[in-house]
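Participant: I would like to see how this sequence folds:
(2 chains)
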There are 2 protein chains.
Amino acid sequence: MHVMTTTDNPTRNGVDTATLFATLDAVKGNNEIAKFQFRATNTWVSGTHNRTTIHGFYGAMQEMTHRQPFMFDADHPPVLVGSDNGPTPVEFVLHALASCLTAGLVNIAAARGVNLTEVSSTVEGDIDLLGILGLNDEVRNGYQQITVRFKLRGDDPDKLRQVVEQSRKRSAVYDIVTNGVPVAIEVDAA
Amino acid sequence: MHVMTTTDNPTRNGVDTATLFATLDAVKGNNEIAKFQFRATNTWVSGTHNRTTIHGFYGAMQEMTHRQPFMFDADHPPVLVGSDNGPTPVEFVLHALASCLTAGLVNIAAARGVNLTEVSSTVEGDIDLLGILGLNDEVRNGYQQITVRFKLRGDDPDKLRQVVEQSRKRSAVYDIVTNGVPVAIEVDAA
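Facilitator: So this is what the prediction gives:
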């Protein structure tokens, strides 16, 4: 279906499609390559302010690191009794969702030979804090609804809509956010 | 249960507990204050590299902004055919989870009069990329399991464990990640 050599337009939408297909072939040949473990470490600073470092991960049968440690602060804004040293944790979920859907659709478009000139999105998450504040047991703690609005420009609009739909079907964060994941919490307290 | 005035140790664990309780009282008096909408905007850069801006949000019955726009890059590492300009989207989910549980437990500890001297955590998310690569329909796209390991130091260890447990029960991101949220995707393609 995808006939391509490294000399036949190997990059589309900034995606090295030759390497993308070679990676798919490598994983088909050895499924162990596909087992990844991502990691983050977080340290409390003060109040609702804390900081996460993302550096090492496991994948392709080896321990790996990003080219640098990435650090992110999270906090609450003053209206939620914080000091606004960073976005709230729930806002990072919106970022994760938009970035995953976008990376996926750009890859899918490249693989399908669909050229993109613009991809932008807005994400809105509606939340009623009566839940986390413990003031109404009928109200959930998390978002009640998330809406993502994409704007795409490039080749045929029908093809653009199709790459968004395929990205939705194959997005890790969309799956996590819509279907949930088992989370285990262990505590070392002394 | 919580008898406190602004002059009676108003700050604990860096949390302004007087303002925290005043905020709870204000929300009890008018539930509309608790309705929030958080937002993010994302723009594709190239390949799997894209950038999110987080600035405005709605809450406490008004449009608000963080004190500055916060910007975050996401990308894939070279092993996943990206340029490693930022963490992967799924790693930001781990950050969101750790930061939410941490902010929550620090607030809860402050409200309960429990002093903390250290809170740190590691989060691991196991994912099999056979899912998102479309190579095995039996494998989900997202994490199969997430494990959070907390280290807490401060007052009585039993109380420390209890604040973690209460934070889990009231965490927005823990709820999102474990129970899922409906996500709507709209596309403007031209």
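
Participant: which of the residues in the helix or strand in which A:Val93 is found are buried?
Facilitator: According to DSSP states H and E, A:Val93 maps onto helix A:89-112. For helix A:89-112, the neighbour count (16 or more other CB atoms under 10 Å in any protein chain shown) marks A:89-112 as buried. C-beta here means a position set from N, CA and C on the backbone, and glycine is covered the same way.

Participant: any low-confidence regions in chain A?
Facilitator: A:1-9 (pLDDT under 70).

Participant: that older thread, check which element follows the helix holding A:Val93 along the chain.
Facilitator: strand A:116-128.

Participant: just to revisit the earlier point, please see if the helix holding A:Val93 touches chain B.
Facilitator: Yes - against chain B, helix A:89-112 shows contacts by CB under 8 Å from any CB of the partner chain at A:89-104, A:106-107, A:110.

Participant: how much does that helix deviate in direction from helix B:89-112?
Facilitator: 170 degrees (axes from the mean of the first three to the mean of the last three CA atoms, to 10 degrees).

Participant: orientation of helix A:89-112 relative to strand A:116-128 in degrees?
Facilitator: What separates the directions of helix A:89-112 and strand A:116-128 is an angle of 150 degrees, with the same axes, to 10 degrees.

Participant: CA atoms only: put helix A:89-112 into CSV for me.
Facilitator: Written as CSV, here are the backbone C-alpha positions of helix A:89-112 (Å, rounded to 0.1, in the frame of the first residue of the first chain):
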residue,chain,number,x,y,z
PRO,A,89,-2.7,19.7,36.5
VAL,A,90,-6.0,19.4,34.6
GLU,A,91,-4.8,21.9,32.0
PHE,A,92,-1.8,19.7,31.3
VAL,A,93,-4.3,16.9,30.4
LEU,A,94,-5.8,19.2,27.7
HIS,A,95,-2.2,19.8,26.4
ALA,A,96,-1.5,16.1,26.3
LEU,A,97,-4.7,15.4,24.4
ALA,A,98,-4.2,18.1,21.8
SER,A,99,-0.5,17.3,21.3
CYS,A,100,-1.2,13.5,20.9
LEU,A,101,-4.0,13.9,18.4
THR,A,102,-1.9,16.5,16.5
ALA,A,103,1.3,14.4,16.3
GLY,A,104,-0.8,11.4,15.3
LEU,A,105,-2.7,13.1,12.5
VAL,A,106,0.5,14.6,11.1
ASN,A,107,2.1,11.2,11.0
ILE,A,108,-0.9,9.6,9.4
ALA,A,109,-1.2,12.4,6.8
ALA,A,110,2.5,11.9,5.9
ALA,A,111,2.0,8.1,5.6
ARG,A,112,-1.0,8.7,3.3
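
Participant: check which residues of the helix or strand where A:Met71 lies are buried.
Facilitator: If you go by DSSP H and E, A:Met71 is part of strand A:62-74. Of the residues in strand A:62-74, A:His66, A:Phe70, A:Phe72, A:Asp73, A:Ala74 count as buried by neighbour count, 16+ other CB under 10 Å.

Participant: how about it and chain B, touching?
Facilitator: Yes - with CB under 8 Å from any CB as the measure, strand A:62-74 is seen reaching chain B through A:Met64, A:His66, A:Arg67, A:Phe70, A:Phe72, A:Ala74.

Participant: likewise stretch A:26-37?
Facilitator: Yes - Stretch A:26-37 is in contact with chain B by CB under 8 Å from any CB, via A:Val27, A:Lys28, A:Asn31, A:Ala34, A:Lys35, A:Phe36, A:Gln37.

Participant: ends of that stretch, what's the gap?
Facilitator: Separation of the first and last residues of stretch A:26-37 by CA to CA, to the nearest Å is 19 Å.

Participant: likewise stretch A:139-150?
Facilitator: End-to-end for stretch A:139-150, by CA to CA: 29 Å.

Participant: ok, of the residues of stretch A:26-37 next to chain B, which come out buried?
Facilitator: Counted by 16+ other CB under 10 Å, the residues of stretch A:26-37 next to chain B give A:Val27, A:Ala34, A:Lys35, A:Phe36, A:Gln37 as buried.

Participant: and what about the first one, helix, strand or coil?
Facilitator: For A:Val27, the secondary structure call by DSSP: H, G, I helix; E, B strand; the rest coil comes out as helix.

Participant: quick one: it and B:Leu133 touch, right?
Facilitator: Yes - using CB atoms under 8 Å, A:Val27 is in contact with B:Leu133, at 6.0 Å.

Participant: okay, and the common contacts of these two?
Facilitator: Common contacts of A:Val27 and B:Leu133 (CB atoms under 8 Å, 6 or more residues apart in numbering or on different chains): A:Ala34.

Participant: hang on, the earlier thing: quick one: which of the residues of strand A:62-74 next to chain B is nearest to chain B?
Facilitator: Proximity of these to chain B was ranked by CB to the nearest CB; the top entry is A:Ala74 with 3.6 Å.

Participant: what's near enough to touch A:Met71?
Facilitator: Per CB under 8 Å, 6+ apart, neighbours of A:Met71: A:Arg51, A:Thr52, A:Thr53, A:Ile54.

Participant: alright, I will stop here.
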